[in-house]
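Asker: structure, please.
(4 chains)
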Protein chains: 2
Amino acid sequence: MSMNERKLKILQAIIRDFVDTAEPVGSRTLSKKFDLGVSPATIRNEMSDLEDMGFLTHPHTSAGRVPSEKAYRLYVNELMNKKDLTDDQKNAIAHELYDNVTELDQTIEHAAHILSKITNLTAFAMTPNEELETIKFIQFLPVDENTVVLMIVSENGKVQNNAVRVSFEYDDEMLRILSKSMTFDYKGKTISEALTGDIITSFKSDIEAMNGLTSSLMPNFMKTLEKMLDANLYMDGLTNIFNIPEYNDLDRAKMFMELINKKEDFKKKLISRDDGMIITIGTENQDEDMNDVSLITATYRVDGKLVGKLGVIGPTRMRYDNVTSVIDFITDNLSKTFKLTGGDGQDDDEPDDKY
Amino acid sequence: MSMNERKLKILQAIIRDFVDTAEPVGSRTLSKKFDLGVSPATIRNEMSDLEDMGFLTHPHTSAGRVPSEKAYRLYVNELMNKKDLTDDQKNAIAHELYDNVTELDQTIEHAAHILSKITNLTAFAMTPNEELETIKFIQFLPVDENTVVLMIVSENGKVQNNAVRVSFEYDDEMLRILSKSMTFDYKGKTISEALTGDIITSFKSDIEAMNGLTSSLMPNFMKTLEKMLDANLYMDGLTNIFNIPEYNDLDRAKMFMELINKKEDFKKKLISRDDGMIITIGTENQDEDMNDVSLITATYRVDGKLVGKLGVIGPTRMRYDNVTSVIDFITDNLSKTFKLTGGDGQDDDEPDDKY
DNA sequence: GTTAGCACTCGGGATAAAAGAGTGCTAACA
DNA sequence: TGTTAGCACTCTTTTATCCCGAGTGCTAAC
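Answerer: Here you go, the predicted model:
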């Protein structure tokens, strides 16, 4: 008993049918719906073999067959052919992606929206991880006698700020010195480097003179760096799960909702995934709470350097071919768009596929 | 047939029981659980009267009675007695509210978290509406030859910024002039005033000289003001609804999820509500999609001036007494905390109930 | 190796009966 | 006259039973 052309064809047909209908598929239905050139009995024999090989399972003796995770894996790796989107679809996506939008964050939010709309799944998109972003300058600005605004600007024009309460009596000159000295120290360093903190402080004597001030500012500086590092995660189509037969069960629907509503946890899961298009099916997911869903993530690039992620989460029974095609198109499109602009998305150059 | 003491007592008992059990309550159960001093038969007669008066309904002839919206309204207005929280509860709340937190936004987020945790409902909290916030200064900072960072700082130390792409060739001096002139024009104005835009520009000649620069900066200035105005809405306990028997029905659960996942719409609904503790029960809610939930909102004050909102959304069958007590405590606590600090929450003075 | 035929399996839907909770009415009681 | 016990009646919920249909697996013939 070994894999052959016919078995593959039958397996493919079973997966296609099951993905469409969510019903276990039997030999007779299969032979009627697909032109396989053999009788139901033959299909039955092959199905039995496929089951022995671990590609199919049986909810109960008198039911049809259901593809196993192993089958989906085979399908994703070998059987599925990604289809190119039609020009209409491409235009619609590009249009919605950039419609009335000038900022990266908003574009990413739109990406999640579109992706969920097209796939009817729960989609997400994350702004770039700024680990490799370099600091351009640091500035402290006076607000009132006990408030200072701390501002960090990155090479890409990303800004993060924080209003800091200080008890130390300061004057504008101190802030200017501090701004200058810290910019000198940190300019060109990545945010990660800045956070690890082994940066040698120059202008020591200047700084020490206002020790009280720096001691209240430094913790906030670190906090602001962390905020800068933090990626935004946008999700859309959270209630799509209710339309999926597998989740007609309240407990499962609840579990799913809890999973995707823990946004911080989910973000961590996404960040820890490898770059490129990654598909994890059911128990292939490390986390137990994702053992009955499939997660697809892909990366887009900003300036060919920083990476953001987007993708979908849904039942293992999903149209992997369609979904991956759409994700491919969107990530390509985003990467092209953010190639020239340095990350704020306010691009005067049209991306290749825009309109 | 008119309302009397005994009817009220019975109605109250019915509401208490139904809120606890979610089951229609019958005369016998009622007389067993509550010491009403009369027999089930008498209770039956009174219940029948209460039904005629519109306070009770009947799912079907042979079922117990269920309180109507009118009953809840009466309960909320007259029958319910807010209980003070125990000191333990108060401490627990205050502790969680300020634990390791220095920023207003985070405190507000914690407030939503706590509120949902205690009430087992979906809770939300919104940062203050900044309409009345006044501008302190405006600053443009150079990033590179075609990027300028625009920063607006409010009197309270709130900061909003935006990286703007400019095609006009500028130098640092221009930005300094522009910053100065705009600060002169806008300082002391509220954000709303700034947005309506009938502010007379001084330094006309200076500005006109760099028309190309200002024309690309002004739209972004407005956009940044709008961003500053926009309140953040935090929600927590979104999946609590699954634990509520009324929502053991997938369609209802889905409707609820859709309602609270449209965050922008929900924010608008919250903003449009009056100040103070507002309870709207079922069809008292204007929106049709909230006709079978109750919404409770309350306001907290920052500096006695700005107001933020928080509250819960859940089934009309909820423990109005407990929920309102907790909300009362949290809003009072927040208002006290933000009285002295000017809104960033980094307060050295302990609020009354802290720890 | 493929296919037709057939007995067998099992879940799901339909139907019926029984159980249970509660009402509403009547008549007796204080 | 208000209160209460008693009881028939109502209606949902639960349980049991049956039957149908889709599908399998095996056997024997092609």
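
Asker: distance check, the residue of the stretch 251-355 of chain A found nearest DNA strand D against A:I296.
Answerer: Of all residues in the stretch 251-355 of chain A, A:R317 sits closest to DNA strand D, at 16.3 Å by CB to the nearest atom of the strand. Backbone N, C-alpha and C define where each C-beta goes, glycine included. A:R317 is 13 Å from A:I296, where distance means CB to CB, to the nearest Å.

Asker: between these two, who's got more neighbours?
Answerer: A:I296 (24 against 19; other CB atoms under 10 Å in any protein chain shown).

Asker: just checking, that one touches A:I279?
Answerer: Yes - counting by CB atoms under 8 Å, A:I279 is a contact partner of A:I296 at 5.0 Å.

Asker: overlap in contacts of those two?
Answerer: Residues touching both A:I296 and A:I279 (CB atoms under 8 Å, 6 or more residues apart in numbering or on different chains): A:320, A:324.

Asker: which residues are in contact with the residue nearest to A:P315 when sequence neighbours are not counted?
Answerer: Nearest non-adjacent residue to A:P315, counting by CB to CB, 6 or more residues apart in numbering or on different chains: A:E246, 4.8 Å away. By CB under 8 Å, 6+ apart, the residues touching A:E246 are A:22, A:252, A:315, A:317.

Asker: what is the nearest of these to DNA strand C?
Answerer: Using CB to the nearest atom of the strand, the contacts of A:E246 come closest to DNA strand C at A:A22, 12.3 Å.

Asker: before we move on, back to that, and the contacts of A:E246, which of them are buried?
Answerer: A:252, A:315, A:317 (16 or more other CB atoms under 10 Å in any protein chain shown).

Asker: in strands, which of those appear?
Answerer: Within these, residues falling in strands by DSSP state E are A:P315.

Asker: so which of the buried ones among the contacts of A:E246 comes closest to B:A92?
Answerer: A:R252 (33.0 Å; CB to CB).

Asker: how near is the nearest residue in space to the closest one that is not next to it in sequence to A:L79?
Answerer: Distances taken as CB to CB, 6+ apart put A:E246 closest to A:R252, at 6.9 Å, once the chain neighbours are dropped. Distance of A:E246 to A:L79, computed by CB to CB: 22 Å.

Asker: about what we covered before: tell me the least confident of the buried ones among the contacts of A:E246?
Answerer: Among those, A:R252 carries the lowest pLDDT, at 91.

Asker: how near is it to A:V293?
Answerer: Counting by CB to CB, the gap from A:R252 to A:V293 is 10 Å.

Asker: ok, now A:V76?
Answerer: Taking CB to CB, one finds A:V76 at 15 Å from A:V293.

Asker: with neighbour numbers in mind, choose between the two.
Answerer: A:V293 (27 against 17).

Asker: and chain A, which residues reach DNA strand D?
Answerer: Chain A has residues A:24-29, A:40-41, A:44, A:47-48, A:51, A:58, A:61-65 near DNA strand D, with proximity defined as CB under 7 Å from any atom of the strand.

Asker: and the buried ones among those, selectable in PyMOL?
Answerer: Buried subset of the residues of chain A next to DNA strand D, written as a PyMOL selection, criterion 16+ other CB under 10 Å:
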select buried, chain A and resi 24+25+26+27+29+40+44+47+64+65
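
Asker: out of the residues of chain A next to DNA strand D, which touch DNA strand C?
Answerer: Among the residues of chain A next to DNA strand D, the residues lying close to DNA strand C (CB under 7 Å from any atom of the strand) are A:40-41, A:61-63.

Asker: DNA strand D: which of the residues you listed is nearest?
Answerer: Using CB to the nearest atom of the strand, A:S62 is the member of those that lies nearest DNA strand D, at 3.7 Å.

Asker: re the thing from before, give me the subset of the residues of chain A next to DNA strand D lying in helices.
Answerer: Of the residues of chain A next to DNA strand D, the ones assigned to helices by DSSP state H are A:27-29, A:40-41, A:44, A:47-48, A:51.

Asker: and the strands in chain A?
Answerer: Under DSSP E, chain A gives strands at A:56-57, A:66-67, A:122-126, A:135-144, A:147-154, A:159-165, A:233-236, A:278-281, A:293-302, A:306-315.

Asker: from the contact counts, what lies against the third one?
Answerer: Packing partners of strand A:122-126 (3 or more CB pairs under 8 Å, 6 or more residues apart in numbering or on different chains; DSSP states H and E): helix A:104-119, strand A:233-236, helix A:263-271, strand A:306-315.

Asker: pretty sure A:K339 sits against A:L306.
Answerer: No - between A:K339 and A:L306 there is no contact under CB under 8 Å: 11.6 Å.

Asker: which parts of the stretch 51-200 of chain A sit against DNA strand C?
Answerer: A:59-63.

Asker: let's have those residues in CSV, adding distance to B:E130 and pLDDT.
Answerer: Below are those laid out as CSV (distance: CB to CB, whole Å; pLDDT from 0 to 100):
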residue, distance to B:E130, pLDDT
A:P59, 57, 89
A:H60, 61, 90
A:T61, 66, 88
A:S62, 65, 88
A:A63, 60, 91
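
Asker: can you tell me how far the residue in the stretch 51-200 of chain A that DNA strand C sits nearest to is from A:G26?
Answerer: Going by CB to the nearest atom of the strand, DNA strand C is nearest to A:S62 of the stretch 51-200 of chain A, at 2.5 Å. Per CB to CB, A:S62 is found 10 Å from A:G26.

Asker: same question, A:N261
Answerer: From A:N261 to A:G26 the distance is 38 Å (CB to CB).

Asker: what is the burial count for the closest residue to A:E258 other than its chain neighbours?
Answerer: Of all residues not flanking A:E258 in the chain, B:T239 sits nearest, at 5.0 Å (CB to CB, 6+ apart). For B:T239, the neighbour count with other CB under 10 Å is 21.

Asker: how near is B:T239 to DNA strand D?
Answerer: Look at B:T239 and DNA strand D: by CB to the nearest atom of the strand, to the nearest Å, they are 25 Å apart.

Asker: domains in chain A, by residue range?
Answerer: A:5-79, A:87-129+A:231-337, A:135-229 (automatic domain parsing).

Asker: ranking the ones you listed by burial, who's on top?
Answerer: For those, the largest average neighbour count (mean count of other CB atoms under 10 Å in any protein chain shown) is found in domain A:87-129+A:231-337, namely a mean of 19.

Asker: and it, how far out from the chain middle?
Answerer: Here domain A:87-129+A:231-337 is found 5 Å from its chain centre; the criterion is CA atoms, centre = their mean, to the nearest Å.

Asker: same question, stretch A:40-52
Answerer: Using CA atoms, centre = their mean, the offset of stretch A:40-52 from its chain centre is 39 Å.

Asker: just give me how far stretch A:151-169 sits from the chain centre.
Answerer: 28 Å.

Asker: check contacts around the residue nearest the centre of chain A.
Answerer: Geometric centre of chain A, nearest residue: A:L310, 2.8 Å, by CA atoms, centre = their mean. Each residue near A:L310 by CB under 8 Å, 6+ apart is listed here: A:108, A:111-112, A:115, A:123-126, A:297-298, A:300, A:327, A:330-331, A:334.

Asker: from these, pick the one nearest A:E288.
Answerer: Distances from A:E288 to the contacts of A:L310, taken by CB to CB, are shortest for A:T297, at 18.7 Å.

Asker: with adjacent residues omitted, what lies nearest to the closest one?
Answerer: Per CB to CB, 6+ apart, closest to A:T297 is A:G311, 3.8 Å.

Asker: quick one: the residue in chain A that DNA strand D sits nearest to and DNA strand C, what's the gap?
Answerer: Distances between chain A and DNA strand D by CB to the nearest atom of the strand are smallest at A:G26, namely 2.6 Å. Separation of A:G26 from DNA strand C (CB to the nearest atom of the strand): 11 Å.
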